[in-house]
Structures are given as structure tokens and as C-alpha cells.
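Trainee: Next input, structure requested:
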Amino acid sequence: MKTHFRSKMKYGVLIIVLSSLVLPVKSQQVTYKVARTNQAINIDGNWDKEQWLFVPALEITNFMGGIPAFKPVTHVKLLYDEANLYVIFQVRDRYVSSLVQKPNGPVSRDACVEFFFSPDENTPLNYFNLETNAGGTKLMSYHGEITKPLTEIDLKGIELAHSLPDVISSPIMDSVVWTLEYRVPFSVLRKYGTITKPEPGVFWKANFFKTASTGQNPHYITWSEVINPRPNFHLPAFFGTLFFE
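Mentor: Here you go, the predicted model:
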């Protein structure tokens, strides 16, 4: 009886070990700590200004779909205060073009950076997508029970600065570093959905993307890995986490 019991135990352990080896691979979600600032931030697109100097940067590194011939390198920093969230991108890029100028137009066709975020701890699948091309044109909507695009007035309420011209009709073929910075007022977000106001201990779910769906170097790159057969950024189940300090 003892011998039979031991053999069953060994067999059971073997089954557990083998089954663990064939479990589906899940996305390894990432985290970023967002510090609070007590200084007003001048939105000018300057990556090297004092307020950002000692703020750690996250990097967007996970490719979806095919790997492009040139791999853009994108870093992002965040801060917050009582009334706003501040975001700045720095992109080392090539083949940059920026044609879309209409608010809420298809900016992801151009050289584009994107910030998707779920600002309510209780509804993590409801989210905003803020997409901006290198020329500073914005697209933004809230995705809850229905999708609500931001009005042009509310889009203008998101102050933005960028280092490249508004329109780049002839692609920049050589390597170029461009920046884009904006201030997102919490008051604008509250018009469209519920938000958990940032303060120490609060977290939001979020993801960051670098893309250019057309042009000479199409690519789709994510911060928090998204596992999907084809490029798709609108998958909040794969968002990483922003922790507010």
C-alpha cells in the first residue's frame, strides 16, 4: 500500500510539473511610479529642462506585428500635481512624416506617440486614448459603455508642445530626435468619465505606444506587452500600471 501511494504521489507531482510547462504565456505587465511635482511646468517640449532632469523614463520596446527595418527608440516621463497629469515623449526616429492636421483625424498614420489610460480604479476596462502625431495633432476619445470623442474645445484644453514642424510632407529620411509634451487637466477627463484622482497610493492602468501605420517604416511598439495575432492597441486587459507617489 505504501509503495502504491508513493508511486501515485510521484505521478501526481509529474502531472503538475508537466501541466505547468504548457500553460499559455501571459503578458508580463509593467509598472511606473509617477512622482508629484509642486512646481508649475512650462509646456515647451524641452526634454532637458529642470523639472524632468531627475525623473526616471520608461521605454517603449515591445514590437507587435513585423519588426521594422529601423527600430525607433521612445522614452516617456510623467509627473502630476493637484490638477494635471504631465507627459513628455522623446523619440529617436527615421522616415518621419506628419500630414494629418484635423483634430481627431487618423494621426496614427503619421509618426505618432500614444497614451492609453484607465483613470478609474473601479472600471479598469474603461479608458481614454490620447494619440498625437509628430506635428502635434491630437486624437482623443473615452471608451466606456459608448465611445465619446473629445470636442475640439476640450482637445485645445490639453496644452501641447512639439519640437518638429506642424506638417512634414517630405519624410525626414535621416535619424532625428523629436519631443512632444502635454498637460492633461483632470477637469477635462471628468467631463467624459469617472476618474480616481491621483494621490499617493492611487494607481491607474495604462499603456504607451509608438507607431506609424503607413510610410516607409511601418511599426507598432508597446510599453506593456500586448499579445494579439495582429497589432491592436485597444486592449486594456494588457495595460501596465501607473502608481502615484
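
Trainee: wait, what's in contact with residue 80?
Mentor: 34, 35, 36, 37, 86, 198, 244 (CB atoms under 8 Å, 6 or more residues apart in numbering). Where you see a C-beta, it was placed from the backbone N, CA and C, and this is true even at glycine.

Trainee: and the fifth one, what are its bridge partners?
Mentor: Translated: residue 86. residue 79, residue 183 (DSSP bridges).

Trainee: same check, this time on the last one
Mentor: Note on residue 244: beta-bridge partners residue 34, judged by DSSP bridges.

Trainee: what about it, distance to residue 219?
Mentor: As judged by CB to CB, to the nearest Å, residue 244 and residue 219 stand 30 Å apart.

Trainee: Between those two, point out the one with more neighbours.
Mentor: Neighbours per residue, other CB atoms under 10 Å: of residue 244 and residue 219, the larger number sits with residue 219, 23 against 19.

Trainee: Specify the beta-bridge partners of that one.
Mentor: On the basis of DSSP bridges, residue 219 is bridged to residue 212.

Trainee: Residue 58 now?
Mentor: Bridge pairing for residue 58 - DSSP bridges - gives residue 76.

Trainee: Tell me which residues touch it, please.
Mentor: Contacts for residue 58 (CB under 8 Å, 6+ apart) come out as 30, 32, 75, 76, 77, 208, 223.

Trainee: Of the residues you listed - the most surrounded one?
Mentor: residue 208 (27 neighbours).

Trainee: I figured it hits residue 223, correct?
Mentor: Yes: the pair residue 208 and residue 223 qualifies as a contact (CB atoms under 8 Å) at a distance of 4.1 Å.

Trainee: For the two, list the residues in contact with both.
Mentor: Common neighbours of residue 208 and residue 223, using CB under 8 Å, 6+ apart, are 58, 60, 76.

Trainee: The nearest residue to residue 237 once chain neighbours are set aside: how many residues sit nearby?
Mentor: Spatial nearest neighbour of residue 237, chain neighbours left out: residue 125 (7.3 Å); criterion: CB to CB, 6 or more residues apart in numbering. By the criterion of other CB under 10 Å, residue 125 has 13 neighbours.
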